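Participant: 3D, please:
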Amino acid sequence: MEHRAPALRLQAEQAPEGFRRETDAAGGTPGLPSVLVVGSVASGRARQLALDWAIPVGLACFGLVDIATHRHSEDFPGAPAVHVVFLLAACVAFGVRRHLPILGPTTAIAIATGWASVWPEDSQASLEAFLVLVSSAYAIGAGNRGTRLKWATGALIGYFIASQLVLMATGGSAGDLAPIIIWMSAAWGIALVIRSRGDEAQRARRLAAQLEVSQEQRTAQAVEQERSRIARELHDVVAHGLSVVVVQAAAERRALAHGTADHASTDAVLESVERVGREALVDLRRLLGLLRQVDEPPSLAPQPSLAQLDALVAPVQEAGIDVAVRVDGAAAVLPAGVDLTAYRIVQESLTNVLKHAGARRVDIEIRHRPGRLEIDVVDDGAVAGREPVVPGAGHGLLGMRERVSVFGGTVTTGRCPDGGWAVRARLPLGSQMLESA
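Facilitator: So this is what the prediction gives:
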């Protein structure tokens with residue numbers, strides 16, 4: 001029962017702790033009670049045994065009733081015991097077809113042929129013998145693959161040839177066996193078609209599972225790459241903030257040493273140091289949860305921000321798209337990490353418009369609200385092909401979500417009621433951002 005091994009391992013992992021025990025060194029699944037192993041294997045064998053013997057047992061019962069209720073001198077010539085022996089022997093040979101996929105069906109065919117010879121030449125053999133012959137031909141096509149199928153098919157063809165030769169040698173006609181040969185050939189062909197379809201479906205399921213695993217791996221890789229990029233950018237933000245703290249603290253220490261500092265200037269410097277230090281601490285906490293690739297050269301260019309929004313929009317306008325930017329509310333000084341994330345959201349949204357939308361107009365609205373920053377990017381382009389995270393299409397919404405989740409924010413995308421596509425992001429600020437860290 002090799003195909004049950006994964007299920008047994010799964011049961012072992014899900015078994016309650018109090019019921020887990022180690023099996024002996026002779027084998028078995030570690031951590032799974034031996035009674036569960038025996039019970040599962042026995043249950044599987046019982047079901048398989050029932051499936052294997054359902055047809056032979058049913059055919060035997062039908063044949064025994066048929067033999068007992070018909071006239072033996074005409075319908076079943078000779079002694080009834082002879083027909084019972086042939087019937088039971090053929091059913092037993094057909095029943096072991098799973099364990100003996102060639103010998104079982106061919107033996108059943110030979111027994112059924114011998115049984116049919118009991119009837120006179122001018123009479124028809126029993127229905128049971130016909131069913132054994134057709135079922136055995138089906139079993140040869142369904143139960144064998146590769147080399148075994150070639151050998152079994154060769155044996156079936158040899159049986160057809162030998163039967164014709166024997167029939168012709170005894171004075172029979174070559175066409176007398178044509179009906180049974182057609183029936184057996186049809187059963188064999190149907191078995192091949194059904195098995196082939198089953199194999200194709202199984203291959204399709206395996207391929208779908210492999211593609212799913214591959215897609216999950218690509219998604220995980222994209223997440224990891226995006227986190228690495230975010231971590232590098234947060235590293236630069238933290239380094240800048242700490243540099244500011246060090247410079248301000250050093251300058252104020254010198255001012256105090258020379259007696260040129262007053263209470264107001266000292267208070268302002270300490271307030272700035274406290275604010276920048278808190279922001280750096282928040283970004284540092286987030287940075288600790290991300291990986292940073294150290295094999296890439298550091299970027300010497302300053303990190304972008306919403307202050308460079310006009311430069312970001314200009315290439316899109318040059319591409320023939322009408323871009324409208326609207327800033328609502330009093331623009332506050334944003335933490336460097338939030339400012340960078342907001343810029344990346346707008347950048348990724350515009351990139352998505354250029355690559356997939358075919359839009360003519362894009363509206364960018366940035367709203368400064370107490371405790372949060374709201375970003376809406378809406379275009380009038382096509383919706384088809386705008387679903388995020390497809391193979392080969394870049395990070396898309398995945399990168400936005402990773403960036404926003406670092407600051408405890410949200411991002412949603414979807415169709416607009418009047419057509420087009422919208423990206424809406426919400427980033428917490430101030431105390432709310434500190435609580436989400």
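Participant: Every contact and neighbour count from this point should use C-alpha atoms.
Facilitator: Will do.
Participant: which element follows the helix or strand of the chain with the lowest mean pLDDT toward the C-terminus?
Facilitator: Every helix and strand of the chain was ranked by mean pLDDT, DSSP states H and E. The lowest is helix 5-14, at a mean of 38. Using DSSP states H and E, the helix or strand that follows helix 5-14 in sequence is helix 34-69.
Participant: Contacts for stretch 181-193, please.
Facilitator: Residues outside stretch 181-193 that contact it (CA atoms under 8 Å, 6 or more residues apart in numbering): Leu133, Val134, Ser135, Ala137, Tyr138, Ala139, Ile140, Gly141, Ala142, Phe160.
Participant: ah, wrong one, I meant stretch 111-127
Facilitator: Applying CA under 8 Å, 6+ apart, the contact partners of stretch 111-127 are 75-78, 83, 86-87, 89-90, 129-130, 132-133.
Participant: got these as JSON lines, with secondary structure, pLDDT and distance to Gln48 columns?
Facilitator: As requested, the contacts of stretch 111-127 are arranged in JSON lines below (DSSP: H, G, I helix; E, B strand; the rest coil; pLDDT from 0 to 100; distance: CA to CA, whole Å):
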{"residue": "Asp75", "secondary structure": "coil", "pLDDT": "68", "distance to Gln48": "35"}
{"residue": "Phe76", "secondary structure": "coil", "pLDDT": "74", "distance to Gln48": "34"}
{"residue": "Pro77", "secondary structure": "coil", "pLDDT": "77", "distance to Gln48": "37"}
{"residue": "Gly78", "secondary structure": "coil", "pLDDT": "75", "distance to Gln48": "37"}
{"residue": "His83", "secondary structure": "helix", "pLDDT": "84", "distance to Gln48": "29"}
{"residue": "Phe86", "secondary structure": "helix", "pLDDT": "88", "distance to Gln48": "25"}
{"residue": "Leu87", "secondary structure": "helix", "pLDDT": "88", "distance to Gln48": "23"}
{"residue": "Ala89", "secondary structure": "helix", "pLDDT": "91", "distance to Gln48": "21"}
{"residue": "Ala90", "secondary structure": "helix", "pLDDT": "88", "distance to Gln48": "20"}
{"residue": "Ala129", "secondary structure": "helix", "pLDDT": "85", "distance to Gln48": "25"}
{"residue": "Phe130", "secondary structure": "helix", "pLDDT": "87", "distance to Gln48": "25"}
{"residue": "Val132", "secondary structure": "helix", "pLDDT": "89", "distance to Gln48": "20"}
{"residue": "Leu133", "secondary structure": "helix", "pLDDT": "89", "distance to Gln48": "23"}
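Participant: center of the chain - which residue?
Facilitator: By CA atoms, centre = their mean, the chain has its centre lying nearest to Glu212, at 3.2 Å.
Participant: so how far is stretch 414-429 off the chain centroid?
Facilitator: 29 Å (CA atoms, centre = their mean, to the nearest Å).
Participant: Put the alpha carbons of that stretch into PDB.
Facilitator: Taking Å, rounded to 0.1, in the frame of the first residue of the first chain, the C-alpha atoms of stretch 414-429 are listed here in PDB:
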ATOM      1  CA  GLY A 414     -10.200  47.200  -7.900                       C
ATOM      2  CA  ARG A 415     -12.500  48.400 -10.700                       C
ATOM      3  CA  CYS A 416     -14.100  51.800 -10.500                       C
ATOM      4  CA  PRO A 417     -17.900  52.000 -10.700                       C
ATOM      5  CA  ASP A 418     -17.700  54.100 -13.900                       C
ATOM      6  CA  GLY A 419     -14.800  52.100 -15.400                       C
ATOM      7  CA  GLY A 420     -11.100  52.200 -15.000                       C
ATOM      8  CA  TRP A 421      -8.900  51.100 -12.100                       C
ATOM      9  CA  ALA A 422      -8.100  52.500  -8.700                       C
ATOM     10  CA  VAL A 423      -5.300  52.000  -6.200                       C
ATOM     11  CA  ARG A 424      -6.100  53.300  -2.700                       C
ATOM     12  CA  ALA A 425      -3.500  53.300   0.100                       C
ATOM     13  CA  ARG A 426      -3.800  54.400   3.700                       C
ATOM     14  CA  LEU A 427      -0.600  55.000   5.800                       C
ATOM     15  CA  PRO A 428      -0.800  55.700   9.600                       C
ATOM     16  CA  LEU A 429       1.200  58.600  11.000                       C
END
